[in-house]
Each structure stands twice: as C-alpha cells, then as structure tokens.
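Participant: coords below, sequence missing:
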C-alpha cells in the first residue's frame, strides 16, 4: 500500500486526516491519483524559494476541528 492508498483507506474508514504529498519523482499517473484522492495537494520538489512550489489541486481553506481524544 502506498501513501495515496493509505489516505483513501483512512477516509473510507471515517478518518479524514489533512494530507499533502511532497515528491521529487511525480509522474503523470501519480499526479492523476493524487487529484482523485482524498489528499489536499501534492507539492513537487525542488520547491522554489519564491513560493511554495507547484501544487496540484490545493484547497482554498483547511478547516481544523478538535474533538474528544480516543
């Protein structure tokens, strides 16, 4: 199981963990899988010093909630 499959499996089981992938070896297929997944985005390295790098499907806003610990 890779990271993309892990994020999707967690979501199917009711666990939504905000996740961003960072990679230096993105292929077209990996980009497509991340876009179709529950991940927030994928950042490709090298990251430019003038910004956050090239992100795929960034979400405009991330809402964090707290709840009881298990």
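Facilitator: Alright, I've got the coordinates. Not measured: the values here are computed from a predicted model. Numbers count the residues shown, from 1 in each chain.
Participant: so where is this protein shaky, pLDDT-wise?
Facilitator: Counting by pLDDT under 70, the chain contains low-confidence residues at 48-70.
Participant: Where do the strands of it begin and end?
Facilitator: Taking DSSP state E as the test, the strands found in the chain are 20-23, 41-44, 54-56.
Participant: Need the ones you listed in JSON lines (columns: mean neighbour count and distance to residue 3).
Facilitator: Placement of C-beta: from N, CA and C, glycine included. Listed next are the strands of the chain as JSON lines, based on neighbours: other C-beta atoms under 10 Å; distance: least, C-beta to C-beta, whole Å:
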{"stretch": "strand 20-23", "mean neighbour count": "16", "distance to residue 3": "6"}
{"stretch": "strand 41-44", "mean neighbour count": "19", "distance to residue 3": "10"}
{"stretch": "strand 54-56", "mean neighbour count": "16", "distance to residue 3": "14"}
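Participant: Take those strands and lay them out in TSV including distance to residue 2.
Facilitator: Shown next, in TSV, are the strands of the chain (distance: least, C-beta to C-beta, whole Å):
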stretch	distance to residue 2
strand 20-23	10
strand 41-44	13
strand 54-56	16
